[in-house]
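A.B. asks: kindly generate the corresponding structure for this input.
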Amino acid sequence: MIGATWTIWKKEMRCYLVSPLAYVFLAAFLFLSGLFFYLGVTLTGEASLRVLLANLAVTQLFVLPMLTMRHFAEERRQGTLELLFTAPVPLGAIVFGKWLSSVSLCGLMFLGTAVFPAILAYYGNPDWGIMATSYLGLLAVACGFCAAGLFASSLTDDQVAAGLLGIVILLPFWLVHQAEALVGDDWADSVKKFGVLVHLESFERGVLDSADVLYFVAFTFIFLFLTFRSLESRRWR
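C.D. replies: Now for the predicted structure:
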């Protein structure tokens, strides 16, 4: 299982590194990161990444489904998914390896923003604990969103449709913090617990709450499981 996952991960990382689309998204992500960093520091006067990291979490909602859209949609369009199914590779290793490659690419994108904490450290005295937990929050969001993007990619053979479907799947988890307008004050607090923003707040405050960590673990696991079942159902058609 581990060896097969490693093989799939290497294959997908090679595909990312030779794909111009990946570099376009990386450049766009870093450009937006620089813009958010500049606006955050100049508008608030804080030696922190609070504004930057909050906006990057929103950016992932639109970027990550587009990064994961090719994984299974392209395999289906080219007819190589059936070959992958007949290879001596567990289906779980295929799903996990592709997901892990997407998360790894997100890690490289986050690494590109490391210059901003360095700038703050040079000119000020930032709170490193809050920065560390904020980045962990971003990584947790990336894990969940990549899993949802994979699920969307497993449902269609059109890459663009897979990317848009991924955004549609994720939007309710982002917009649910406006639940008061839909369900009223009595149910709002309960409904909000299903949203991403509520569970990001503790990370941004420098707190690792076990309930919030469990939320992102469950979010990721559920969408990976749905991806597995989607592919499994196709495998036996």
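A.B. asks: helices and strands of this structure: which one bottoms out on pLDDT?
C.D. replies: Within the chain, no helix or strand scores below helix 180-183, which has a mean of 54 by mean pLDDT, DSSP states H and E.
A.B. asks: which residues touch Phe116?
C.D. replies: When contacts are counted by C-beta atoms under 8 Å, 6 or more residues apart in numbering, Phe116 touches Ser33, Phe37, Leu49, Leu52. From N, CA and C alone the C-beta is placed, and that goes for glycine too.
A.B. asks: so which of those comes closest to Leu214?
C.D. replies: Leu49 (24.8 Å; C-beta to C-beta).
A.B. asks: touching, that closest one and Tyr38? I think so.
C.D. replies: No. Counting by C-beta atoms under 8 Å, Leu49 stays clear of Tyr38, with 11.8 Å between them.
A.B. asks: neighbour count winner among those two?
C.D. replies: Neighbour comparison, Leu49 and Tyr38: the larger count goes to Leu49, with 26 against 13 (by other C-beta atoms under 10 Å).
A.B. asks: residue contacts, that one?
C.D. replies: Phe37, Gly40, Phe116, Pro117, Leu120, Pro126, Met131, Ser134.
A.B. asks: how does it look with 10 Å?
C.D. replies: Contact partners of Leu49, counting by C-beta atoms under 10 Å, 6 or more residues apart in numbering, are 33, 36-37, 40-41, 56, 113, 116-117, 120, 126-127, 130-131, 134-135, 138, 204.
A.B. asks: which residues in this protein form helices?
C.D. replies: With DSSP state H as the criterion, the chain has helices at 2-18, 20-44, 50-68, 70-78, 81-86, 91-111, 115-123, 128-153, 159-175, 180-183, 185-192, 196-204, 210-235.
A.B. asks: follow-up on the earlier one: widest-spaced pair of the contacts of Phe116?
C.D. replies: Ser33 and Leu49 (9.7 Å).
A.B. asks: mind listing the shared neighbours of the two?
C.D. replies: Leu56, Thr113, Phe116.
A.B. asks: mind checking how far the closest residue to the second one other than its chain neighbours is from Ala114?
C.D. replies: Nearest non-adjacent residue to Thr113, counting by C-beta to C-beta, 6 or more residues apart in numbering: Ser33, 4.8 Å away. Ser33 is 10 Å from Ala114, where distance means C-beta to C-beta, to the nearest Å.
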